[in-house]
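J.: compute the structure for the input listed below.
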Amino acid sequence: MNSHDAQHSKRDKNIQGETENTSSSAGSNAVTPELTLVLIGNKDSIEIGSKNILLDHDKEIHEKEFSSRLYDLFARQISLINMLGFPSIEKVPVIKDDHAFILLISNGLHDSQYTSGMQWLERKFGKEHSSYVITVVTHVSDDICESALQDLKAKSSFSEKRYHTCTRSMMDEHEIIALLKKIDDMVSENRRMTEGQEVHHEALRTGKAEQNLNLFCANYCDNP
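T.: Next up is the predicted model:
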């Protein structure tokens, strides 16, 4: 094996290791659930083409579309909904499984594009979906996005732990793996919060029912 092949083999092993860590982030020995990624934001924030790992075509997808490329790379059931460009939609797709909105914005235009993207999301899907957004600032290879992060931190709806940067080509596997890891963390956190709220609401319902039963018995039940 020559030095070039050895480097290529090492790179593949590194990517495989990162992929396995990402796939198991929701818990060891557990089957990774299906994930739906909804792409929103500015169309010009990325270079759409055959080398783009997330999106290799520019047609709008308002229903879930299974991504064979992401499955081949990461061995995960991932579907895409392409809503880049803020399409005018009357029927909002219902997403029942684990999902994330990936807000794609351009470095340098991040301030206005973040604001318009969040406004569109809240108008079309509802403000409650803002907790499912991960913001991705795209840039050319030599750009530094530190100022973009500082600007976005001033937004009340922005979360730094749900922030990522990618090159506009979106062809770097390591960047996409890191993005999926952050998405998995966000999905897991949202799931825990939802389950906690359901337990809390059930406890309130049970307590209310018990209180009503005690009140009924106090008024109508025969005393021993």
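
J.: use CA for all of it now, contacts and neighbours both
T.: Will do.

J.: so where's this protein uncertain?
T.: 1-33, 60, 194-224 (pLDDT under 70).

J.: and the strands in it?
T.: For the chain, the strands defined by DSSP state E cover 35-41, 65-66, 78-84, 98-106, 133-139, 163-167.

J.: kindly reformat the ones you listed as a markdown table containing mean neighbour count and distance to residue 114.
T.: Converted to a markdown table, those look like this (neighbours: other CA atoms under 10 Å; distance: least, CA to CA, whole Å):
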| stretch | mean neighbour count | distance to residue 114 |
| --- | --- | --- |
| strand 35-41 | 23 | 8 |
| strand 65-66 | 15 | 25 |
| strand 78-84 | 22 | 13 |
| strand 98-106 | 24 | 7 |
| strand 133-139 | 24 | 8 |
| strand 163-167 | 22 | 12 |
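
J.: out of these, nearest to residue 72?
T.: Residue 72 lies closest to strand 78-84 among these, at 10.5 Å (CA to CA).

J.: what does the closest one rub up against?
T.: The contact list for strand 78-84 (CA atoms under 8 Å, 6 or more residues apart in numbering) reads 34-43, 59-67, 70-71.

J.: partner residues bridging residue 137?
T.: Taking DSSP bridges as the rule, residue 137 bridges to residue 105, residue 165.

J.: so what's it up against?
T.: Contacts for residue 137 (CA under 8 Å, 6+ apart) come out as 104-107, 110, 145, 148, 163-166.

J.: how about the residue nearest the centre of the chain, what does it touch?
T.: Centroid-nearest residue in the chain: residue 100, 2.6 Å away (criterion: CA atoms, centre = their mean). Counting by CA under 8 Å, 6+ apart, residue 100 touches 35-38, 132-134, 183, 187.

J.: ditto for residue 86
T.: So residue 86 contacts 40-42, 117, 120 (CA under 8 Å, 6+ apart).

J.: now do the phi/psi pair for it.
T.: Phi and psi for residue 86, reported as degrees, to the nearest 10, are phi 50, psi 60.

J.: for the remainder of this discussion, apply numbering that starts at 22.
T.: New numbering, starting at 22: the last item is residue 107.

J.: can you redo the contacts of residue 158 as JSON lines with distance to residue 159?
T.: Putting the contacts of residue 158 into JSON lines (distance: CA to CA, whole Å) gives the following:
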{"residue": "125", "distance to residue 159": "7"}
{"residue": "126", "distance to residue 159": "6"}
{"residue": "127", "distance to residue 159": "5"}
{"residue": "128", "distance to residue 159": "6"}
{"residue": "131", "distance to residue 159": "9"}
{"residue": "166", "distance to residue 159": "9"}
{"residue": "169", "distance to residue 159": "10"}
{"residue": "184", "distance to residue 159": "11"}
{"residue": "185", "distance to residue 159": "9"}
{"residue": "186", "distance to residue 159": "6"}
{"residue": "187", "distance to residue 159": "5"}
